[in-house]
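A.B. asks: Please work out how this folds:
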Amino acid sequence: MTQDFPVLPLGLADFEDIRKKQAVSVDNTKYITDLDNAGKFVFCARPRRFGKSLAVNMLAAFYSGRKDLFQGLVAEKDIFSPNFEVCPVIRLDVSAVAGSDSALILQNRIMRRLGIIAKRHQVPLRGEDCADAFSCLFQDVHEAGGHKAVLHLDEYDASVINIIGREKRVNDNYLLVDTRIAMQDFYTQIKVEEEHIKFAFITGVTKFYWMGVFSKLNNHLDISLLPEFIAFMGYTHEEPITYFFPFIAHTASTLKMSEEGLQNKLKEYYDGFSFDGKNEVYNHFSVLPFFKAKEFGNFWMASGSNTVVRKYLLDKELTVDQFQGQEMKYSRASAPGEIGATSPAGFLCQSGCLTLRAKVDGAYLLDYPNTEAREAISTLFMENFTSEWDGIDKSGRELGEKLSSGDIAGMVRVLITLLGGIHYSDHLDANRVPLVSILKKIMRKKPGDDRLEPSDEIKAATLADKPQRERGESYCRSLLQTCLWMAGAKATPEKPENRGRQDLEVVYGSLTYVMELKSAENAKRAARAARAGMEQIRRRGYGGASETPVLVSLAVGKAERNIVGCLFKRNGRETALKIKDGTCVTQPSPQVDGLGLASTLTEGRSVFAGIVTMASRPSFQRAPGRHSRRLGGRRKLRGLPPGVWNIRLKPGSPPPNGENAASPGGF
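C.D. replies: Model (predicted):
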């Protein structure tokens, strides 16, 4: 890259640094006037790592009168206006003081931060505790300069989320209560000192009414779902193309793609966050690292700790496919509730893993925003159910390679490996058996770990004699979909077609896979189950909307809890996979040609076909419900699908090539 390229603002969250380094950035100062006119107290909820701190930093520079930073921007006319009023800014980033093991330590950290702010404004810090000091600070700053203060409260809920999301400790419940009380008292001072505040902008992940901010500020404006402010944090689809055009051209050349093709894939991978069900934005924590790495990957979820989401998925026994298309009312979307008590859909919306789609009858439809989010949440899900964390990313990449090249045998091998790493207890129905989650905690307890609640072992002993039911076929489909999403594929479950619903439609690159899952009692019955799945695909015409879909029928063994059989058809050729100990052996499947001539297999080679004469004295094993016709001295197989007839020659009557004819075993 030449020296004429603009600076990429990767890792820069300070507005002053971005402007002084002349880094390329989207001009979001156009929203400042609208925010200033919106109301006195404004709140905006966005997921973690979504540009909240940069937005707060920009607003702080504006109200502080930093005219040098706004030259050439939309807000230049406002800050250079004769009527512009420079205000003292009180900015507090709660995430910088969160993470303590006691509410007292948290309060002491806040006191130190308030001391720094007071020193900057040349006023003394007074007050008996942090809440009192916070209240006095507004008064003193206003009286010292004659101007009301502007409050910028960033990540106001960080102190609570930090406790909820970390590994559980014995005193966490008490710490959570103490922290709530301390922060509620602290935030209540905003309402108390309202006469000394000109404008307040508050950010966080969600609304916690019991923390004293919104329960007291009855006149606040929540812009989280307002269409006119959707792109205040994030990029619209046009903005990366306009502002980052040199990077798009260079990246397209590096990846040997057209610029239009790169833009489309960029949208598929990183666009799609919607907070009003209509307008969509990119997260710059995904776009900027992409331009730096020049390859598509999971950048946003990898930019911070995912403990909260992973822990929540594990504790609630969730599957990643259960939320697509689920409805959420506007009232629930605007205030999902407390993280500890909200619904799973509400929690995943707060964390950014789910987003809002079209509004239908006053309710939003939920969906994953893009490929990156689907891949990330699927990876977290699989990490909960396997001890081989280090191999998850490698397996995901390998699965993507197999899907891209059309290597079905390789794909099945990777899926078998991933499914084989899931503990047997995770296949039990946790909704019916509460013992599952308790046992899981006990089994995963590390030596010397005393963080389990004492009542867990008592609950386990009480529930030990309750029946444990296996999850059904839908759970297996969910696991497969999770693995496919983890590989970056677009996997759509239960896609409706003209004559039914196919289990999974998987799109990866230029290839489309139509997958049908069938349950088999064990590996011995895998062939029959796989054949039944393929017959269903053929009979109902699944995949008819695609030009050349790859048809795949997978048999999942109940006893093995894994894939035990596979039959696929590509370019008119049908192939069976023999699976033994996780190894796939490709062998051609017996065919029926247009004349109704059947064939069978001997080590993968056709050895017997056509009309069977009595001279060869074959024995026929007729499947239930089928019949044969006797024509003169011959028997003829007419229009029978593969796998219906098992044909074996009697001893002493070798087939034409002198080998023993073998039954296809149901295929």
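A.B. asks: Asn57: how many residues sit nearby?
C.D. replies: If you count neighbours by other C-beta atoms under 10 Å, Asn57 ends up with 20. Bear in mind the C-beta positions are built from the backbone N, C-alpha and C, glycine included.
A.B. asks: Any stretches of the chain with poor pLDDT?
C.D. replies: 1-4, 165-170, 208-218, 303-308, 317, 335-342, 384-391, 423-474, 498, 581-667 (pLDDT under 70).
A.B. asks: If you count contacts, what does the lengthiest helix in the chain end up packed against?
C.D. replies: When the chain is parsed with DSSP state H, its longest helix is helix 172-192. Other helices and strands packing on helix 172-192, by 3 or more C-beta pairs under 8 Å, 6 or more residues apart in numbering; DSSP states H and E, are helix 103-120, helix 130-145, helix 158-165.
A.B. asks: Which of those sits closest to Thr33?
C.D. replies: Set against Thr33 and scored by C-beta to C-beta, these come closest in helix 130-145, at 23.1 Å.
A.B. asks: Pull the distance from the longest helix of the chain to the chain's centre.
C.D. replies: 32 Å (C-alpha atoms, centre = their mean, to the nearest Å).
A.B. asks: on that earlier part again, now the helices and strands packed on helix 172-192 in a markdown table, with distance to Phe247?
C.D. replies: A markdown table is the format used below for those (distance: least, C-beta to C-beta, whole Å):
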| stretch | distance to Phe247 |
| --- | --- |
| helix 103-120 | 37 |
| helix 130-145 | 42 |
| helix 158-165 | 32 |
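A.B. asks: Out of the ones you listed, the one nearest Met411 is which?
C.D. replies: helix 158-165 (34.6 Å).
A.B. asks: Now do the longest helix of the chain against helix 130-145, angle only.
C.D. replies: Angle of helix 172-192 versus helix 130-145, following axes from the mean of the first three to the mean of the last three C-alpha atoms, to 10 degrees, is 30 degrees.
A.B. asks: Can you check what angle separates helix 172-192 from helix 103-120?
C.D. replies: 30 degrees.
A.B. asks: Walk me through which strands the next helix or strand after helix 172-192 pairs with, and which way each runs.
C.D. replies: For helix 172-192, the following helix or strand on the C-terminal side (DSSP states H and E) is strand 197-204. Strand pairing for strand 197-204, determined by DSSP bridges: strand 41-45 (parallel), strand 149-154 (parallel).
A.B. asks: Show me what the helix or strand that the shortest one is followed by packs onto, helices and strands only.
C.D. replies: Per DSSP H and E, the first helix or strand lying C-terminal to strand 41-45 is helix 52-63. Counting contacts by 3+ C-beta pairs under 8 Å, 6+ apart, helix 52-63 is packed against helix 15-20, helix 32-38, strand 89-93, strand 149-154, strand 197-204.
A.B. asks: what distance separates the last one from the centre of its chain?
C.D. replies: When you say that, I think you mean strand 197-204. 31 Å.
A.B. asks: Touching that strand from outside, list them.
C.D. replies: Strand 197-204 is contacted from outside by 35-36, 40-46, 52-53, 55-56, 59, 63, 87, 138, 147-158, 190, 213, 220, using C-beta atoms under 8 Å, 6 or more residues apart in numbering.
A.B. asks: closest one to Thr512 among the helices and strands packed on helix 172-192?
C.D. replies: Of all those, it is helix 158-165 that lies closest to Thr512, at 38.5 Å by C-beta to C-beta.
A.B. asks: just the angle between that closest one and strand 197-204, please?
C.D. replies: Between the axes of helix 158-165 and strand 197-204, defined by the same axes, to 10 degrees, the angle is 10 degrees.
A.B. asks: could you give the angle of helix 158-165 to strand 89-93?
C.D. replies: 10 degrees.
A.B. asks: hmm, back to that, what's the closest of the strands paired with strand 197-204 to Asn171?
C.D. replies: Closest among those, once you apply C-beta to C-beta, is strand 149-154, at 27.3 Å.
A.B. asks: Distance from the chain centre to the closest one, please.
C.D. replies: For strand 149-154, the distance to the chain centre is 33 Å (C-alpha atoms, centre = their mean).
A.B. asks: go on, stretch 155-165?
C.D. replies: Taking mean C-alpha positions (C-alpha atoms, centre = their mean), stretch 155-165 and its chain are 21 Å apart.
A.B. asks: buried sites along it?
C.D. replies: In terms of neighbour count (16 or more other C-beta atoms under 10 Å), stretch 155-165 has its buried residues at Glu155, Tyr156, Asp157, Ala158, Ser159, Val160, Ile161, Asn162, Ile163, Ile164, Gly165.
A.B. asks: got it, and stretch 70-77?
C.D. replies: Phe70, Leu73, Ala75.
A.B. asks: Nearest residue to the second one in space, please, no chain neighbours.
C.D. replies: Closest residue to Leu73 apart from its sequence neighbours, by C-beta to C-beta, 6 or more residues apart in numbering: Thr29 at 4.6 Å.
A.B. asks: quick revisit: can you put the helices and strands packed on helix 52-63 in JSON lines and add mean neighbour count?
C.D. replies: Shown next, in JSON lines, are these (neighbours: other C-beta atoms under 10 Å):
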{"stretch": "helix 15-20", "mean neighbour count": "17"}
{"stretch": "helix 32-38", "mean neighbour count": "16"}
{"stretch": "strand 89-93", "mean neighbour count": "21"}
{"stretch": "strand 149-154", "mean neighbour count": "22"}
{"stretch": "strand 197-204", "mean neighbour count": "22"}
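A.B. asks: Any idea which of these gets closest to Tyr542?
C.D. replies: Closest of these to Tyr542 is strand 197-204, at 45.6 Å (criterion: C-beta to C-beta).
A.B. asks: Show the subsequent helix or strand relative to that closest one.
C.D. replies: Note on strand 197-204: by DSSP H and E, the next helix or strand toward the C-terminus is strand 221-222.
A.B. asks: For that following strand, which strands pair with it and how are they oriented?
C.D. replies: By DSSP bridges, strand 221-222 pairs with strand 41-45 (parallel).
A.B. asks: how distant is the partner strand from the center of its chain?
C.D. replies: Here strand 41-45 is found 26 Å from its chain centre; the criterion is C-alpha atoms, centre = their mean.
A.B. asks: how about the CA coordinates for that strand, as PDB?
C.D. replies: Extracted C-alpha coordinates of strand 41-45, given in PDB (Å, rounded to 0.1, in the frame of the first residue of the first chain):
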ATOM      1  CA  PHE A  41     -31.800  13.800  28.600                       C
ATOM      2  CA  VAL A  42     -31.100  11.400  25.700                       C
ATOM      3  CA  PHE A  43     -30.300   7.700  25.900                       C
ATOM      4  CA  CYS A  44     -29.000   5.300  23.300                       C
ATOM      5  CA  ALA A  45     -28.600   1.600  23.700                       C
END
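A.B. asks: Give the buried residues for that strand.
C.D. replies: Residues Phe41, Val42, Phe43, Cys44, Ala45 are the ones in strand 41-45 that count as buried (16+ other C-beta under 10 Å).
A.B. asks: State the distance from the last one to Asn37.
C.D. replies: Look at Ala45 and Asn37: by C-beta to C-beta, to the nearest Å, they are 21 Å apart.
A.B. asks: again with the third one
C.D. replies: Phe43 sits 16 Å away from Asn37, taking C-beta to C-beta as the criterion.
A.B. asks: Kindly report the same for Lys21.
C.D. replies: Using C-beta to C-beta, Lys21 is found at 31 Å from Asn37.
A.B. asks: In space, what's closest to Ser478 - neighbours in sequence excluded?
C.D. replies: In space, Ser478 is closest to Thr319, 4.1 Å off (C-beta to C-beta, 6+ apart).
A.B. asks: what about that neighbour, helix or strand, and which?
C.D. replies: Taking DSSP H and E as the definition, Thr319 sits outside all helices and strands.
A.B. asks: That one: what's it in contact with?
C.D. replies: By C-beta under 8 Å, 6+ apart, Thr319 lies in contact with Phe381, Tyr475, Ser478, Leu479, Thr482.
A.B. asks: circling back to that earlier point, and which of the buried residues of stretch 155-165 is nearest Thr206?
C.D. replies: The closest of these, once distances to Thr206 are taken by C-beta to C-beta, is Asp157, at 6.7 Å.
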